[in-house]
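*Asks:* Here you go, sequence then predicted model.
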Amino acid sequence: MMKVVVLGSGGSVESANRACSSYLINSNMVIDVGPGSYRNFLRYGGNPLKVRYFFITHLHGDHFFDIGAFLWGMSYLGRVEPVAVIGPKGVKESFESLIRNANTPKTFMKFDVEYQEIDPGERIKVEDFEVNTEKGEHTITDIAYRIGPLCYTGDTAPSERIVELCKKASLLIHDSSGLSENEDYLNKVGHSSGRQAATEALQAKAKKLLLTHITPALSNQTAKLKAEALKVFKETFIAKDLFETEV
Ligand SMILES: [Zn+2]
């Protein structure tokens with residue numbers, strides 16, 4: 001059994017009700033750390049000392065701005081155990097420069113951050129989980145992750161590789177950045193509509209679909225977003241901050 005908590009269901013930028021992309025798995029893994037996610041993690045009751053792994057899909061700010069908040073939060077609590085960051089090439093340089101530019105005192109942050117930079121398509125093992133990855137269709141390298149029964153796309157236009165990765169996933173968390181009328185534009189900028197996310201869920205024979213990356217522009221159109229997806233795939237839900245489920 002795996003517990004998944006949505007720490008951030010927003011996309012591109014935060015809104016009053018949504019932090020940006022972030023998901024807590026069990027109590028020790030976090031995929032993406034978008035702005036606002038650390039506060040939601042605390043509101044949920046997460047313990048920063050228990051988090052051991054960060055998975056990063058891609059290096060756009062809406063997916064990682066809160067890494068500093070997490071690391072400072074851990075430092076404040078006196079953490080000494082290392083944390084692991086798994087992500088695309090460049091994640092080490094990006095996060096190290098962020099820590100440096102935040103003038104993080106060495107006397108404050110007493111633990112190591114271990115980086116594992118991977119290419120999309122690589123398979124790794126994290127604790128008891130086989131972690132499979134694939135390349136998303138985005139404007140920069142995006143790594144979609146399959147961790148046990150869970151599949152998370154990061155930001156992506158529809159892709160056969162993603163469908164393959166997510167085959168028979170119990171839970172598919174899929175980029176859903178707009179309505180079907182905007183698909184041409186969305187796909188050009190490396191995103192999917194809710195309808196396209198539902199098509200991927202259907203093709204992958206996933207059990208449940210969680211539509212996420214809900215941009216502020218979509219905030220009062222979620223009923224339409226869901227209706228468009230439901231026509232294609234019945235088990236569709238719209239992600240909300242602090243929504244939790246077991247898979
Ligand atoms: Zn994004």
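*Replies:* Received, thanks. Numbering: from 1, shown residues only.
*Asks:* how about Ile25, what does it touch?
*Replies:* 2-4, 31, 147, 150 (C-beta atoms under 8 Å, 6 or more residues apart in numbering). The C-beta positions use only the backbone N, C-alpha and C, and glycine is treated the same way.
*Asks:* run the last query once more with 6 Å
*Replies:* By C-beta atoms under 6 Å, 6 or more residues apart in numbering, the contact set of Ile25 is Val4.
*Asks:* distance between the helix or strand hosting Ser94 and the chain's centre?
*Replies:* Element membership for Ser94, per DSSP states H and E: helix 91-101. For helix 91-101, the gap between its own C-alpha mean and the chain's C-alpha mean amounts to 19 Å (C-alpha atoms, centre = their mean, to the nearest Å).
*Asks:* In it, which residues are buried?
*Replies:* Buried positions in helix 91-101, judged by neighbour count with 16 or more other C-beta atoms under 10 Å: 91, 94-95, 99.
*Asks:* Same question for stretch 77-91.
*Replies:* So stretch 77-91, judged by 16+ other C-beta under 10 Å, has buried residues 79, 83-88, 91.
*Asks:* nearest to Tyr115, of the residues you listed?
*Replies:* Val85 (5.1 Å; C-beta to C-beta).
*Asks:* tell me the secondary structure for the closest one?
*Replies:* Reduced to three states with DSSP: H, G, I helix; E, B strand; the rest coil, the structure at Val85 is strand.
*Asks:* tilt between the helix holding Ser94 and strand 83-87?
*Replies:* Calculated by axes from the mean of the first three to the mean of the last three C-alpha atoms, to 10 degrees, helix 91-101 forms an angle of 130 degrees with strand 83-87.
*Asks:* Would you mind pulling the contact partners of helix 91-101?
*Replies:* Contacts for helix 91-101 (C-beta under 6 Å, 6+ apart): 56, 59, 67-68, 115, 117.
*Asks:* cool, stretch 226-246 as well?
*Replies:* By C-beta under 6 Å, 6+ apart, the residues outside stretch 226-246 that reach it are 1, 3-6, 9, 18-19, 40, 44, 180, 194-195, 198-199, 201-202, 208-212, 222.
*Asks:* Just the CA coordinates for the helix holding Ser94, please, in PDB.
*Replies:* Extracted in PDB, the C-alpha atoms of helix 91-101 (Å, rounded to 0.1, in the frame of the first residue of the first chain):
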ATOM      1  CA  VAL A  91      19.600  19.400 -11.100                       C
ATOM      2  CA  LYS A  92      22.800  19.300  -9.000                       C
ATOM      3  CA  GLU A  93      24.200  22.600 -10.400                       C
ATOM      4  CA  SER A  94      20.800  24.200 -10.200                       C
ATOM      5  CA  PHE A  95      20.100  23.200  -6.500                       C
ATOM      6  CA  GLU A  96      23.700  23.800  -5.400                       C
ATOM      7  CA  SER A  97      23.700  27.300  -6.800                       C
ATOM      8  CA  LEU A  98      20.300  27.900  -5.100                       C
ATOM      9  CA  ILE A  99      21.700  26.800  -1.800                       C
ATOM     10  CA  ARG A 100      24.800  28.900  -2.300                       C
ATOM     11  CA  ASN A 101      22.900  32.000  -3.500                       C
END
